[in-house]
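Undergrad: Return atomic coordinates for the entry below.
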Amino acid sequence: QVQLVESGGGSVQAGGSLRLSCAASKRYYRMAWFRQAPGKEREGVAAIVGDVYTTHTTYADSVKGRFTISQDNAKATLYLQMNSLKLEDTAMYYCAAGGLGGGYTYWGQGTQVTVSS
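TA: Here you go, the predicted model:
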């Protein structure tokens with residue numbers, strides 16, 4: 001059974017940092033972080049795609065230079081280091097996973113990130 005379990009969310013002041021984790025039942029070729037704020041559509045935040053030898057990362061323009069996606073292959077865990085957090089980063093953050101075929105088949109239940117002034 002596929003499981004993606006996010007953790008690490010919480011409340012932080014603007015300018016602060018948080019690190020999200022996503023524990024997976026196995027390593028996936030394609031993994032990403034998405035977020036959804038109240039009243040807004042879900043958006044992709046960062047993705048990491050590839051095998052254990054070579055990976056490629058992409059970021060939404062809004063988080064470039066502030067967020068870093070990474071993974072621990074041995075632990076099948078995905079991370080999102082979030083620095084210089086802004087009020088607009090407040091959202092529910094979801095971990096997603098997929099295979100070679102593209103897209104994201106599996107989703108976690110989310111972890112809330114709240115940034116306050």
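
Undergrad: Next, name the residue at the spatial heart of the chain.
TA: With distances taken as C-alpha atoms, centre = their mean, residue 33 lies nearest the centre of the chain, 2.6 Å away.

Undergrad: quick one: it is in a strand?
TA: Yes. Counting by DSSP: H, G, I helix; E, B strand; the rest coil, one finds residue 33 located in a strand.

Undergrad: In contact with it: list those residues for me.
TA: 20, 22, 44-47, 69, 78, 80, 93-96 (C-beta atoms under 8 Å, 6 or more residues apart in numbering). All C-beta spots, glycine's among them, are computed from the backbone N, C-alpha and C.

Undergrad: Would you list the buried entries among those?
TA: Buried by 16 or more other C-beta atoms under 10 Å: 20, 22, 45, 46, 47, 69, 78, 80, 93, 94, 95, 96, out of these.

Undergrad: leaving aside the residues next to it on the chain, what's closest to the second one?
TA: If I follow you right, that is residue 22. residue 95 (3.3 Å; C-beta to C-beta, 6 or more residues apart in numbering).

Undergrad: what's the answer for residue 105, then?
TA: Per C-beta to C-beta, 6+ apart, closest to residue 105 is residue 98, 5.0 Å.

Undergrad: what do you get for residue 113?
TA: Nearest to residue 113 is residue 9, by C-beta to C-beta, 6+ apart, at 4.9 Å.

Undergrad: What score does that neighbour have for pLDDT?
TA: Predicted confidence (pLDDT) for residue 9: 97.

Undergrad: Secondary structure, distance to residue 13 and pLDDT for the contacts of residue 33 - can I get that in JSON lines?
TA: Shown next, in JSON lines, are the contacts of residue 33 (DSSP: H, G, I helix; E, B strand; the rest coil; distance: C-beta to C-beta, whole Å; pLDDT from 0 to 100):
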{"residue": "20", "secondary structure": "strand", "distance to residue 13": "17", "pLDDT": "98"}
{"residue": "22", "secondary structure": "strand", "distance to residue 13": "24", "pLDDT": "98"}
{"residue": "44", "secondary structure": "strand", "distance to residue 13": "25", "pLDDT": "98"}
{"residue": "45", "secondary structure": "strand", "distance to residue 13": "20", "pLDDT": "98"}
{"residue": "46", "secondary structure": "strand", "distance to residue 13": "22", "pLDDT": "98"}
{"residue": "47", "secondary structure": "strand", "distance to residue 13": "28", "pLDDT": "97"}
{"residue": "69", "secondary structure": "strand", "distance to residue 13": "23", "pLDDT": "98"}
{"residue": "78", "secondary structure": "strand", "distance to residue 13": "25", "pLDDT": "97"}
{"residue": "80", "secondary structure": "strand", "distance to residue 13": "18", "pLDDT": "98"}
{"residue": "93", "secondary structure": "strand", "distance to residue 13": "18", "pLDDT": "98"}
{"residue": "94", "secondary structure": "strand", "distance to residue 13": "23", "pLDDT": "98"}
{"residue": "95", "secondary structure": "strand", "distance to residue 13": "24", "pLDDT": "98"}
{"residue": "96", "secondary structure": "strand", "distance to residue 13": "28", "pLDDT": "97"}
